[in-house]
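Trainee: Quick one, what's the 3D model for this:
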Amino acid sequence: MVLAILAGVNCILVVSLFASYETANFTESFWILWPFPLIYFLEIIGLGLLGVLAVSNLRGESKSTWSGIPWICAGILLAFVILGSWTIGFFLIPAMVLYLVIGIISDKRIQGDIPRHLIYFIAAGIGQALLVFLTLFG
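Mentor: Below is the predicted model of the structure:
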């Protein structure tokens, strides 16, 4: 649970720092960030919160839907890490790694399906990358 909280805090803190850097007064010029990067910022915050929610709902059940969520969060963050490597991506590496570690640890504890979750990780990363490319260049 501590690792999930650290990952969630990392996501929220990185977005807060980059949003405050983009706007001089965030409350007055909030809509300057619309639609991009605000959509991505909200998505990253949502991933941080969803990861914490998923870990808090893991009850040791091997058939739980929640056990794949940290892998999916890590995959989506991987897309942000790679595509935003010169800006926000570098600072999201800790959250991505923490969600991977959480996924591995929870799968080891509940004898989860690591190969299937690895597919979730890769598919989420590819899906997020495609979404970014389609919204920016489509």
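
Trainee: how many neighbours does G84 have?
Mentor: By other C-beta atoms under 10 Å, 18 other residues sit near G84. The way it works is simple: take the backbone N, C-alpha and C, and place the C-beta from them, glycine included.

Trainee: Tell me the pLDDT of it.
Mentor: Each residue has a pLDDT score; the one for G84 is 88.

Trainee: Name the nearest residue to it, ignoring sequence neighbours.
Mentor: Among residues not flanking G84 along the chain, L92 sits closest, at 7.6 Å (C-beta to C-beta, 6 or more residues apart in numbering).

Trainee: wait, isn't that neighbour in contact with I12?
Mentor: No - contact criterion C-beta atoms under 8 Å: L92 and I12 do not qualify, at 11.3 Å.

Trainee: thinking again about what came up before, for L100, see how far away the residue nearest to G84 is.
Mentor: 12 Å (C-beta to C-beta, to the nearest Å).

Trainee: Mind checking which of the two has more residues around it?
Mentor: Using other C-beta under 10 Å, the more surrounded residue of L92 and L100 is L92, with 25 against 21.
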